[in-house]
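1. missing the sequence, but the structure's below:
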């Protein structure tokens, strides 16, 4: 079968990173170490890791004779990725992971702040209120190269996105996983998914939470790490008279260590109840439509509206 043959398509902040790590532990499964390839979401301004089909396929060369897959959480949001994946492999298995939409948006915003360039508005409510302006090209942070990731509500309207994959691949080839199920019954979801992609479901592994909420200690230092001044890079040529590849490796290593020192794990503050209620009410029609689409009771997503 053409590889890769399974795709974890999103949504963001719904456990895709952890699930990729768990699945890759299986002796018959291979997922590239390079995360979020963004090869098929060509309608978005994503940071594509590869620019050619051959370059994309080369990433799976180590997985010869294995069941290969990848996870790019913007594939769900993309309007063209589903069809592009189908044209690449019409027999592909699709995995969709969904989290309560308001919590997903709040977590997504926090991740952007941590990245240090995508989002600069610290207050989540204020960032939400800027969406209309940002869709007009206004209020976009100077270093944000993917403006669409700031359209939080659009990412949270799951129904059309899920239906797109159902229509293209058929429901039998799409597995929808709710984040609550994934975190509470990880072993069961893991085994079900192995069976879904054609791997031995009896394989067992340990499950440790990944991608927990992180905050940066110093915003200025985070920006400096990510965007070192050109003068510093130029000076490095003279201070370190070694091949460019070695100098780049040393720089990346130093940046990784500084980034780690500038990072702390910290739980997000509870979302203001008034804002949560407002967003939940806005998204209620989409949530109810999604519930019918995937045949699941999602009333727990709307509990604050009772």
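-> Looks like it arrived, so ask away. Every value quoted in this text rests on a predicted model; they were computed, and no experiment measured them.
2. so where is the stretch 51-200 of the chain shaky, pLDDT-wise?
-> Counting by pLDDT under 70, the stretch 51-200 of the chain shows low-confidence ranges at 117.
3. so where do the helices sit in it?
-> Across the stretch 51-200 of the chain, reading from the start of the chain, the helices by DSSP state H, counting those that start in this stretch fall at 53-58, 81-88, 101-115, 124-129, 131-135, 152-156, 158-169, 179-184, 186-197.
4. wait, which of these is closest to residue 40?
-> Shortest separation from residue 40 across these is recorded for helix 81-88, at 4.2 Å, computed as Cβ to Cβ. Every C-beta, even on glycine, is put in place using the N, C-alpha and C of the backbone.
5. ok, and what's touching that closest one?
-> When contacts are taken as Cβ atoms under 8 Å, 6 or more residues apart in numbering, the neighbours of helix 81-88 outside the stretch itself are 2, 7, 9, 40-43, 72, 74-75, 92, 94, 164-165, 168-169.
6. narrow those residues to those in strands?
-> Assignment to strands by DSSP state E places the following of the contacts of helix 81-88 there: 7, 9, 94.
7. which among those residues end up buried?
-> 7, 9, 94 (16 or more other Cβ atoms under 10 Å).
8. list just the nearest of those residues to residue 205.
-> Each of those was checked against residue 205 using Cβ to Cβ; the closest is residue 7, at 21.0 Å.
9. distance check, the closest one against residue 60.
-> To residue 60, residue 7 is 12 Å away according to Cβ to Cβ, to the nearest Å.
10. repeat for residue 289
-> Note on residue 289: its distance to residue 60, by Cβ to Cβ, is 36 Å.
11. swap in residue 110?
-> For residue 110, the distance to residue 60 - Cβ to Cβ - is 32 Å.
12. next one: residue 142
-> Residue 142 is 36 Å from residue 60, where distance means Cβ to Cβ.
13. quick one: which of these two has more around it?
-> A side-by-side neighbour count of residue 142 and residue 60, using other Cβ atoms under 10 Å, places residue 60 first with 18 against 6.
14. could you pull up phi and psi at the more buried one?
-> Its backbone dihedrals place residue 60 at phi -110, psi 10, with angles given as degrees, to the nearest 10.
15. just send the buried ones among the ones in strands among the contacts of helix 81-88 back as JSON lines, with distance to residue 152 too.
-> As requested, those are arranged in JSON lines below (distance: Cβ to Cβ, whole Å):
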{"residue": "7", "distance to residue 152": "23"}
{"residue": "9", "distance to residue 152": "18"}
{"residue": "94", "distance to residue 152": "23"}
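16. out of the residues you listed, who's nearest residue 284?
-> The closest of those to residue 284 turns out to be residue 9 (Cβ to Cβ; 24.1 Å).
17. just checking, the closest one touches residue 95?
-> Yes. Proximity of residue 9 to residue 95 meets the contact threshold set by Cβ atoms under 8 Å, at 6.9 Å.
18. and the longest helix seen in the chain, what's buried?
-> The helix spanning the most residues in the chain, taking DSSP state H as the definition, is helix 273-294. Buried residues in helix 273-294, counted by 16+ other Cβ under 10 Å: 275, 276, 279, 280, 283, 286, 287, 289, 290, 291, 293, 294.
19. stretch 71-80 now?
-> The neighbour-count criterion (16+ other Cβ under 10 Å) identifies 71, 72, 73, 74, 75, 76, 77, 78 as the buried residues of stretch 71-80.
20. try stretch 198-205
-> Buried residues in stretch 198-205, defined by neighbour count with 16+ other Cβ under 10 Å: residue 199.
21. quick one: distance of it to the chain centre.
-> Averaging C-alpha coordinates over stretch 198-205 and over its chain gives two centres that are 24 Å apart (Cα atoms, centre = their mean, to the nearest Å).
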